[in-house]
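Novice: build me a model:
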Amino acid sequence: MMFELSRVPGRRQEDGDRVALLSGKTAVITGGAQGLGLAIAERFVDEGARVVLGDVNLEATQAAAAKLGGDRKSVV
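Specialist: Numbering: from 1, shown residues only. Predicted coordinates:
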């Protein structure tokens, strides 16, 4: 499956309501604390997905979660 990762203002249905491409979906993103992983996480959140971040750098992962607006955090 391929995803377009460029920013788009929002998808619209015929009635004009915004449609989130990934609404109701959960994505697990490894390497999500920085770089490409974080960029993908940002895009998925913008499209309505719930995102689970994984990375070896705990502090960077916590900072990324805060940047993405995460209100629930778990450390495993």
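Novice: C-alpha only now, for contacts and for neighbours.
Specialist: Will do.
Novice: who's in contact with stretch 40-52?
Specialist: In this structure, residues lying in contact with stretch 40-52 by Cα atoms under 8 Å, 6 or more residues apart in numbering are 5, 7, 20-29, 32, 53, 68.
Novice: if you rank those residues by neighbours, which is first?
Specialist: The residue in these with the most neighbours, by other Cα atoms under 10 Å, is residue 32 (25 neighbours).
Novice: and residue 38, helix, strand or coil?
Specialist: Using DSSP: H, G, I helix; E, B strand; the rest coil, the structure places residue 38 in helix.
Novice: which residue sits closest to it, ignoring its sequence neighbours?
Specialist: Nearest non-adjacent residue to residue 38, counting by Cα to Cα, 6 or more residues apart in numbering: residue 32, 4.6 Å away.
Novice: state the distance from that neighbour to residue 53.
Specialist: To residue 53, residue 32 is 5 Å away according to Cα to Cα, to the nearest Å.
Novice: so which residues of this protein form strands?
Specialist: In the chain, the strands defined using DSSP state E lie at 11-12, 18-19, 26-30, 50-54.
Novice: ok, now which ones touch residue 57?
Specialist: Here residue 57 is in contact with residue 33 (Cα under 8 Å, 6+ apart).
Novice: of all the strands of the chain, which one comes closest to residue 62?
Specialist: strand 50-54 (9.0 Å; Cα to Cα).
Novice: note down every partner strand of that closest one and its orientation.
Specialist: Strand 50-54 has the following sheet partners, assigned by DSSP bridges: strand 26-30 (parallel).
Novice: show residues contacting the strand it pairs with.
Specialist: Outside strand 26-30, the residues within contact range by Cα under 8 Å, 6+ apart are 37, 40-41, 44, 49-55.
Novice: could those go into a markdown table alongside distance to residue 63 and pLDDT?
Specialist: Listed next are these as a markdown table, based on distance: Cα to Cα, whole Å; pLDDT from 0 to 100:
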| residue | distance to residue 63 | pLDDT |
| --- | --- | --- |
| 37 | 14 | 96 |
| 40 | 16 | 95 |
| 41 | 13 | 93 |
| 44 | 17 | 92 |
| 49 | 19 | 89 |
| 50 | 17 | 88 |
| 51 | 14 | 90 |
| 52 | 13 | 90 |
| 53 | 11 | 91 |
| 54 | 12 | 90 |
| 55 | 12 | 92 |
